[in-house]
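*Asks:* Predicted model, plus sequence, below.
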Amino acid sequence: MKNPSQESSMDALRRGWARLRAFFRKQPLDRELEEEIASHIAMATEENLHNGMSPDEARRKAMVKFGGVEQAKEKQRESRGLPWLERVLQDLRYALRSLSRDRGFATVAILILALGIGANVVVFSVVNTILLRPLPFYDPSRLVWIAPDGANGLSASTYSVDAYEDLRSMNKSYEDVTGYFAFSTEDNYKLTGRGVPLPVTGIMVTGNFFHVLGVEPMFGRQFTPEESIKGGPAAVMLTYPFWQRQFGGDRSIVGKTIELDNKPVTVAGILPESFDFGAAFSPGARVDVLTPLIMDDIRYDGNTIAIIGRLKPGVTIEQSRIEARTLFPQFYWGKRFPDSKNNYTAYPVFLKDYISGKMRRSLIVLWSAVGLILLIVCVNLANLLLARAAARSKEFALRSALGAGRRRLIGQVLTESLVLAAGGAALGLALAYGLLRYLAHQGSIALPLLSSVRLDGTALIWTLLITVSTAVLFGLVPGIKVSRTNVQEALKDGGHGTTEGRQHETMRTTLVISEVALACVLLVGAGLLLRSFLHVLDVDLGFEPSTAAAVRIDYDDGGKTDKRSAILQNIANRVSSLPGVDAVGFSDNLPLDRNRSWGGPRIKGKTYKPGEGKGAFVYIVSPGYMKAMGMHLRGRDFTWQDNDNSEGAVILNESAAKELWPNEDAVGKMAVIGKKDVRVIGVIADVRDTSVEGKVSWQMYLPMMQKDWGPDGAVLVLRSKLPPEQLAGSVMRTLRDINPNQAAVEFRPMQRLVEHALSPRQFFMLLVGIFAGLGLLLASLGIYGVISYSVTRRTQEIGVRMALGASPGNVQMGVLTKTLRMTAVGIAVGAVVSLAVANLIASLLFGTRPTDPMTFIAMTIVLGVVAALAGYLPARRASRINPMVALRNE
Amino acid sequence: MGDEKLDLLQGTLDLMVLQTLATMGNMHGYGIARRIEQVSGDEVLLNQGTIYAALVRLQQRGWIDAEWGASENNRKAKFYSITKRGLKQLADDTAYWMRLSGVMGRVLAMGQEGSEP
């Protein structure tokens, strides 16, 4: 049996609904109640009159019987509507009123919060894009990257055509396997037939590429099987940005032909905007078109295809790894050339991990750094609010005396915090939106998927989460403090100044110390990354990028080396005669740009066991290339006479030369490359081939004029002290003069290649550096706030001391000492934490140890100086206190 | 007890209102308050104003209805009436109170019996 009048759940539901409705019909319901009460009192009065009372008496008695009219109304409202919601709204109105009275405080707080929250939103969006969000393909969790484990260089992480075909037909793990030609170069096509030939970057993909990735063309169709066969119809798929840029988004282009390299090609379709080949597979690169990969064209070119598989539903990556171990050695090419077995292994990894796995650690560091910033922001605001709370203690005491409970007071402070945080979040989101748009269009940062970074729903949820937690974090401490305010104490005149003030100050000092410690951790992290970056900049690249520039040239030698030699010599002569040009050379490949490795040189006459021998990065170059690159050569350079009529020649890098002939000079020795005998004519300084920080492998340079090493394309490299912008015009004019078909390619200062290679490291260092600066600024604000407040509070005390003979200098020193003591504690705590944290980022450092004393010393000095500056202003104010004025106020 | 009046137990006012409406038919707020005072012999401490919180509560649960009408003296007043569901609730609650007061009576009487001999 139920209690009297206890509600059933149906009743409760009905009542909840009624309450909600009543909440929104407040005014009419209030009016009704008003009328009802009026008629109640009128009836009571009438009855009293009827009983013979005087009119006044009748009305008075009626009122007494009724009880408090306002209380009755309030009671009825409480059972009628949603009192908690009304309280929240009331708190909100109150918070807005009180903040608008204190505009300066609100502005500073919102700005600080906006920086903290904005920075967090930006970093979260980047993390979300690169690490968390699925790849922009259909069911991406089943896509895997198939390559040998730990391969160095593209050739070692790609496969030959037969391996690709064998894998496709023999495997049991994958629904299908696809791939693309991994050696496509920038501007490898020309869009012709529309005026000056326009350079176009195209990637060759196997016929089923879009199907396996699950990408549907926005308009048009996929490639047909015939289009992937040698001699079949030529087709091309346009990427969205290229279509917009070159064809103004004209849909009618689909199905029509355009001209690539002077040949008609059918536009099969337009790829959707979300498909960004570069972002996923070649960060920072622009891709304009995709074309079908004709297998027969590259069948005997060795390892050229990057392979992607789609796992069958239910097949795990582990299962595919186990299969790969037994399957790959059975492939045709592997059986025929057991030596090259290195490439006939595979260790499939999820495509997502392949694309963004390398970034994981950096991103987590970045995420933590920005989290620290938010913590510092919280501490700072807690401090600001505490100071404000102290100033408002009377107001709170009054509210408490009027019956507001502790929860109500804490709720009030938290509401204010929430209002501030919401303001900060709104501004922060705006800042983040702008910055993210900028980042997404920053093609020069080689971070995967960065072009698709944006504010999405997940980021908004994250913003909400951190906004609320921030508000609670910085609002709770002051809230609890305020709610404990001693009513009598606070209401007394000059109420603060005794124990209450001192407690507040201890708490504020503790907060500032933790703030200094947090800033310390950020500074150490940023310092270590900066030192690493400087070390990376100091790396001897093996070439001199600052005065070199490169431009991709067009030429057609029909595969004849003598014709090639004539063309290149002509270009070299014409370009080197231009004013300001010091050296000119050609290569088919630039370091840090594209990397390709072949089976490396072997010592002639020595027998090798299968699988012995090492691979080497290959550069097929012309005479003058080394000079134009500013490389250091021992021995002789190639000449135009190193052609098919002369002995095979090779230039090795130091690493290869030393390893092959450890105690002898390699120059003059005979080596074998493939099946060809070559003489080592020179040894050249190691060049950083894949990355600035990476290890250097073997490298070999082969002459462009020998037909055994048919170059694929050529890049003109020139050295000049003139700025590249000034050179570009005359060089491009000369090239077009020689070959009217020369595409309007980009004239690239070599420095840009280096910058591109450094961009991820620089990106992280820059962001962490900005956060460290922000942390430092906030910490100094905190120090200033606390010291300044303490001086104000102790004005009388200081006045007394000065009246008793303390000199202004003494007073100033006293305040400064207090500041530095506080800072020293913060630094000590921070240094200990930093030591632990620094070890976590050890793998991101280069040439720098996590315990790098320079960084720690610099951090201490920077923080010390900033703290001293922050404490100086209040200290000076303290020293200028007029004892007479201070004492008179007593 | 003297001239001290009884404080109302939680929920009892609701029950009194339901009972009043069930026996008296349609009534306005003042009428209900007066009726409860009369029946209780002025023993209950009732600020007449508090009745309106009870009325809105009961109305929101669907146990009573309300309608504007004219009073005996032709004054505009809101009249309340008990609903079918209200009657059922009243029956339940009444049974509960009877049982409870019976039990309470027995428990409290026990002490007096024990001290007798």
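*Replies:* Okay, I see it. Numbers count the residues shown, from 1 in each chain, chains lettered A, B, ... in the order given.
*Asks:* Go ahead and confirm A:Ser576 touches A:Gly585.
*Replies:* No: applying Cβ atoms under 8 Å, one finds A:Ser576 not in contact with A:Gly585, separated by 9.5 Å. Where you see a C-beta, it was placed from the backbone N, CA and C, and this is true even at glycine.
*Asks:* can you list residues touching both of those two?
*Replies:* A:624, A:718 (Cβ atoms under 8 Å, 6 or more residues apart in numbering or on different chains).
*Asks:* more neighbours, these two?
*Replies:* In this view A:Ser576 and A:Gly585 are compared by other Cβ atoms under 10 Å in any protein chain shown, and A:Gly585 has more residues nearby, 27 against 17.
*Asks:* who touches that one in this structure?
*Replies:* By Cβ under 8 Å, 6+ apart, the contact set of A:Gly585 is A:572, A:621-629, A:716-718.
*Asks:* let's see 10 Å
*Replies:* A:548, A:568, A:572, A:576, A:621-629, A:631, A:637-638, A:704, A:714-719 (Cβ atoms under 10 Å, 6 or more residues apart in numbering or on different chains).
*Asks:* Let me know the secondary structure of it.
*Replies:* Using DSSP: H, G, I helix; E, B strand; the rest coil, the structure places A:Gly585 in strand.
*Asks:* Look up which residues are beta-bridged to it.
*Replies:* A:Val717 (DSSP bridges).
*Asks:* can you give me phi and psi for A:Thr458?
*Replies:* With angles defined as degrees, to the nearest 10, A:Thr458 sits at phi -60, psi -40.
*Asks:* Confirm that A:Trp640 lies within a helix, as I assumed.
*Replies:* No: counting by three-state DSSP, A:Trp640 falls outside a helix, being coil.
*Asks:* and it, backbone torsions?
*Replies:* When read as degrees, to the nearest 10, the backbone of A:Trp640 gives phi -70, psi -10.
*Asks:* Any buried residues in the least confident helix or strand in chain B by mean pLDDT, and which?
*Replies:* When each helix and strand of chain B is scored by mean pLDDT, DSSP states H and E, helix B:84-115 comes last, with a mean of 85. Using 16 or more other Cβ atoms under 10 Å in any protein chain shown as the test for burial, helix B:84-115 gives B:85-86, B:89-90, B:92-93, B:96-97.
*Asks:* and what of stretch A:710-729?
*Replies:* For stretch A:710-729, by 16+ other Cβ under 10 Å, it's A:711, A:713-720, A:722, A:724, A:727-728.
*Asks:* can you pull out the strands in chain B?
*Replies:* B:27-28, B:64-70, B:76-82 (DSSP state E).
*Asks:* right, and those - which one's nearest chain A?
*Replies:* Chain A sits nearest to strand B:76-82 of all those, at 4.8 Å, using Cβ to the nearest Cβ.
*Asks:* between the closest one and strand B:64-70, what angle do the directions make?
*Replies:* Strand B:76-82 runs at 150 degrees relative to strand B:64-70, counting by axes from the mean of the first three to the mean of the last three Cα atoms, to 10 degrees.
*Asks:* got the contact list for the residue nearest in space to the middle of chain B?
*Replies:* Nearest to the mean C-alpha position of chain B, by Cα atoms, centre = their mean, lies B:Met16 at 0.9 Å. Residues near B:Met16 by Cβ under 10 Å, 6+ apart: B:8, B:32, B:35-36, B:39-40, B:44, B:46, B:51, B:54.
*Asks:* just to revisit the earlier point, which helices and strands does the least confident helix or strand of chain B pack with?
*Replies:* Under the contact criterion of 3 or more Cβ pairs under 10 Å, 6 or more residues apart in numbering or on different chains; DSSP states H and E, helix B:84-115 touches helix A:9-24, helix B:12-24, helix B:51-61, strand B:64-70, strand B:76-82.
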